[in-house]
Each structure stands twice: as C-alpha cells, then as structure tokens.
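Engineer: can't give you the sequence, but here's the structure:
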C-alpha cells in the first residue's frame, strides 16, 4: 500500500505539502502543484490512513451506533434514519450488534470510546437491571467527559439527550381498540421481560383494560424473543393455556407475523375467530394476509433525530434534550369484532 511519503516523492514535494493538499488545507498552493499531488495520489492509488488522521485532527469523523440487531426491521429503519443524517454531515457510522446482550453493549461502548468516535448512539431498549444501568452510565459519563457525545433511543436511565417513543401510549391505543371491538379475553405475546420497551407497552395495554373495566392477568401474557419465531412459540403457549382468548396483541410486528403463521397452521381464522395486532408498523405489516393492525412509530425519523442530537454540541449545563415521539394506531384487516 502506498504511503504519504511515496506520494510526496512521486509528486516532487515534501510530505507536509502533500498532506496539506490531500487533506484540503486552507494554506494556498499553486494549481500546478495541487494537480501534481492529486495525479500522484491517483497513480499510486493512495488511501489516507484513517487512524493517523484521527491522531492528527481534533475533528472526529465517526459515530458509533449500538443496536440490538440490525437485521431486525425495527433497527434497520432506525439505522436508515441515522445514516441519512450522518451522510449529510460527512460522518461515517460504525454499527455494533449487541443481540440484546447487556455485556456486549458495555463492551461496545468501551471499544467505541477507544476508537475515539465523535458520538455514541444507543438505539436499543433500556434494561430493568440496576447493576447494568449503573455500569453503563459510568462508562458514558467517562466518555462524555473526554468530549464525546452520547444519545439514547428509548427509555434508558442515562441522564442525557434522548429520543423517546411513546410505547406506553402505543400499548394503550391497541388495548382501547380491541376493547372497543368487544374483546374482553385478550392475550399478549410480549418481548423479553427485561426490556423497558416490553414493560412500557404492557403498561399501556393494562391502562386500557382498567379504563374499560377489565383486567389483563399475568397468565395471559407470554414472553418470548422479539422475532417471528418468538411470536409463534409464545402464541402456541398462550392458546394452549388460554383457549378462549379472542384477540392477541403482539408487541412488535415480527412477533405478530409469527402469531399469524401459528394461527394459520392451526386453522384458526383471523380476524373471524381471533384478532391480531402488532406494533411498530414495519413495511411488511401491510403486505401480510390479512394486513396487520398495528401501532406506527416513525422509526427512520427517530434515527434521524437521534443522529441530529448526537452531532450537536453538548447542552453545557442545560437540562438534557428529550425528544418525545408519538404513536399512531393503524387499522387494517387483522382485527374485527369479537365473536359472540
């Protein structure tokens, strides 16, 4: 691989001059000299060393993003918004998949801090784990004290800038819709119990139950992985234990798709026998059969807003900037009136 010294020799200039031209320094040089250096760069296929540039500049150009799983449509949409804003500002995005492993998240924060990234965005749910939360907050405080920026998406205990979707209201909207359709025997296919996203969405469903004079007992909530297979297996356990339910609220769209697959395999009609709802409004939600009633969150916009916060200067003594994101019910064909 060609070095800066090779480029300088080929162009007949000093390494310092070659470096200034390659890095766009404001110090004036003749056009002929600039063209000689750029021609040498092209001829030798020279690529600047990013680590050397990082050491030489005070400007950090990379943003680290920690997601649970970028193959999950939820995080893919958020990442799309993050990358759009980063690209507009000439920043590189480094994606880290934690696969919902808190220890991996801690390791990634340390790794990103070692790489001196300009900002860290935690795009996954918070955890109901005091020891993890304390350790994460400590690591982020150290990182921020060195000039780094940290932004979270979702409900975390980190005292800093955040983009927070109204998961509780989304759960409430789903519950209110199902009770309005006459459903009283409602089951829930939920994500991991440790995640704040899960508990917030269930809290909304329970609020709707109370307002309609009903209860959502624990026996009708089955927890599983936030994916298609997790939804199918949780729905199977729920139906085996509670065969009289007339509606299933899945707490994300991939789980709802798993629920639909399980019901189809058992010959149970949707929504004739059981209504099904999802959450997040993934693009696939409108394409499944029947099309999925769900709650829409503006996921790409959430990512864009988080990256915008991350690239802004710190608050400098002002309160953290909390941007709340509303939820919207989207009615489709997977829900209908409760059977007699």
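Structural biologist: Here it is on my side, so go on. Just so it is clear, the model here is predicted, and its values are computed rather than measured.

Engineer: now residue 62: how far from residue 4?
Structural biologist: From residue 62 over to residue 4 the distance is 21 Å, taken as CB to CB, to the nearest Å. From N, CA and C alone the C-beta is placed, and that goes for glycine too.

Engineer: do residue 160 as well
Structural biologist: With distances taken as CB to CB, residue 160 is found 38 Å from residue 4.

Engineer: Comparing the two, which residue is more hemmed in?
Structural biologist: In terms of neighbours (other CB atoms under 10 Å), residue 160 is the more surrounded of residue 160 and residue 4; the figures are 20 against 17.

Engineer: Wait, the more buried one touches residue 140, no?
Structural biologist: Yes: using CB atoms under 8 Å, residue 160 is in contact with residue 140, at 7.1 Å.

Engineer: Please enumerate the shared neighbours of these two.
Structural biologist: By CB atoms under 8 Å, 6 or more residues apart in numbering, residue 160 and residue 140 have these common neighbours: residue 150.

Engineer: What is the least confident helix or strand in this structure?
Structural biologist: Within the chain, confidence by mean pLDDT, DSSP states H and E is lowest for helix 50-56 among all helices and strands, at a mean of 50.

Engineer: Could you identify the helix or strand that succeeds it?
Structural biologist: strand 62-67 (DSSP states H and E).

Engineer: for the stretch 1-150 of the chain, what spans make up the strands?
Structural biologist: In chain order, the stretch 1-150 of the chain shows strands spanning 62-67, 92-97, 119-122, 149-153, with DSSP state E, counting those that start in this stretch as the criterion.

Engineer: Can you list the helices and strands that the third one packs against?
Structural biologist: The one in question is strand 119-122. For strand 119-122, the packing partners by 3 or more CB pairs under 8 Å, 6 or more residues apart in numbering; DSSP states H and E come out as strand 62-67, helix 102-114, strand 149-153, helix 299-310.

Engineer: The first one pairs with which strands, parallel or anti?
Structural biologist: Same thing as strand 62-67. Based on DSSP bridges, the strands next to strand 62-67 in the sheet, each with its direction, are strand 92-97 (parallel), strand 119-122 (parallel).

Engineer: Dig out what the residue nearest to residue 74 when sequence neighbours are not counted forms beta bridges with.
Structural biologist: Leaving out its chain neighbours, the residue that sits closest to residue 74 by CB to CB, 6 or more residues apart in numbering is residue 280, at 5.5 Å. In this structure, residue 280 has beta-bridge partners residue 296, where bridges are defined by DSSP bridges.

Engineer: got the contact list for residue 280?
Structural biologist: So residue 280 contacts 73, 74, 252, 253, 294, 295, 296, 297, 299 (CB under 8 Å, 6+ apart).

Engineer: can we see that at 6 Å?
Structural biologist: Taking CB atoms under 6 Å, 6 or more residues apart in numbering as the criterion, residue 280 is in contact with 74, 252, 253, 297.

Engineer: now the first one: how far from residue 215?
Structural biologist: The reference is to residue 74. With distances taken as CB to CB, residue 74 is found 29 Å from residue 215.

Engineer: higher neighbour count, the two?
Structural biologist: For residue 74 versus residue 215, neighbours defined as other CB under 10 Å are more numerous around residue 74 (25 against 10).

Engineer: neighbours around residue 44, how many?
Structural biologist: When neighbours are counted by other CB under 10 Å, residue 44 registers 16.

Engineer: Setting aside sequence neighbours, what's the nearest residue to it?
Structural biologist: Leaving aside its chain neighbours, residue 44 sits nearest to residue 2 (3.9 Å; criterion: CB to CB, 6+ apart).

Engineer: quick one: the helix or strand where residue 162 lies to strand 149-153, angle?
Structural biologist: Taking DSSP H and E as the definition, residue 162 sits inside strand 161-165. Angle of strand 161-165 versus strand 149-153, following axes from the mean of the first three to the mean of the last three CA atoms, to 10 degrees, is 10 degrees.

Engineer: Contacts for strand 161-165, please.
Structural biologist: Strand 161-165 is contacted from outside by 151-153, 297, 302, 305-306, 309, 320-325, using CB under 6 Å, 6+ apart.

Engineer: Can you give the strand pairings for that strand, parallel or anti for each?
Structural biologist: Paired neighbours of strand 161-165 in the sheet (DSSP bridges): strand 149-153 (parallel), strand 322-325 (parallel).

Engineer: Out of those, which is closest to residue 43?
Structural biologist: Of all these, strand 149-153 sits nearest to residue 43, with 39.3 Å by CB to CB.
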